[in-house]
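Novice: what follows is a predicted structure for the sequence shown.
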Amino acid sequence: MKKLLMVAVLSFIFCIALAVQAQAHDHARTGGGQQIQVSFDRARDIALERVGGGRVRNIELERERGLNFWDVEVRYRRRKHEIKIDASSGEILGHEIGRRLF
């Protein structure tokens, strides 16, 4: 009887843990409540427009301090540009230009 009770309690705890993990995964995937209005393609276009052309090398959706943003790396005229774009509004949050590449 004690073994049956122990199995039931452990099964219950396991189910709760799975439910919490699934909810946390969904929360992280959707940005924790902040809606992602700017698509991957739109972020690419915004970055290329800001730089004036070039080639997109990398795009990542990131989250920092509760804000979702696209981090876009563009190479143009042998320089590396890193543009951060708000994923909900499309506003450019930052634009860093690296040193000249050889």
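Specialist: Cool, got the structure.

Novice: what is the neighbour count of residue 85?
Specialist: Counted with other Cβ atoms under 10 Å, the neighbours of residue 85 add up to 26. From N, CA and C alone the C-beta is placed, and that goes for glycine too.

Novice: whoops, residue 101 was the one
Specialist: Neighbour number of residue 101 under other Cβ under 10 Å is 9.

Novice: cool, and residue 8?
Specialist: Neighbour tally, residue 8, other Cβ under 10 Å: 10.

Novice: now whichever strand or helix holds it: mean pLDDT?
Specialist: Following DSSP states H and E, one finds residue 8 within helix 2-29. For helix 2-29, the mean pLDDT works out to 63.

Novice: next: stretch 57-65.
Specialist: Rounded mean pLDDT across stretch 57-65 is 93.

Novice: stretch 95-102 too?
Specialist: 84.

Novice: how far does stretch 38-55 sit from its chain's centre?
Specialist: Relative to the centre of its chain, stretch 38-55 is centred 16 Å away, using Cα atoms, centre = their mean, to the nearest Å.

Novice: give the buried residues for that stretch.
Specialist: Using 16 or more other Cβ atoms under 10 Å as the test for burial, stretch 38-55 gives 38, 43-44, 46-48, 51, 54.

Novice: what does stretch 91-102 give?
Specialist: For stretch 91-102, using 16+ other Cβ under 10 Å, the buried residues are residue 92.

Novice: hang on, the earlier thing: restricted to helices, list the buried residues of stretch 38-55.
Specialist: 43-44, 46-48, 51 (DSSP state H).

Novice: was I right to think residue 78 contacts residue 97?
Specialist: No - Residue 78 is not in contact with residue 97 according to Cβ atoms under 8 Å; the separation is 11.4 Å.

Novice: ok, the residue of the chain most remote from its centre - contacts?
Specialist: Distance from the centre of the chain peaks at residue 1, with 49.0 Å (Cα atoms, centre = their mean). By Cβ atoms under 8 Å, 6 or more residues apart in numbering, no residues touch residue 1.
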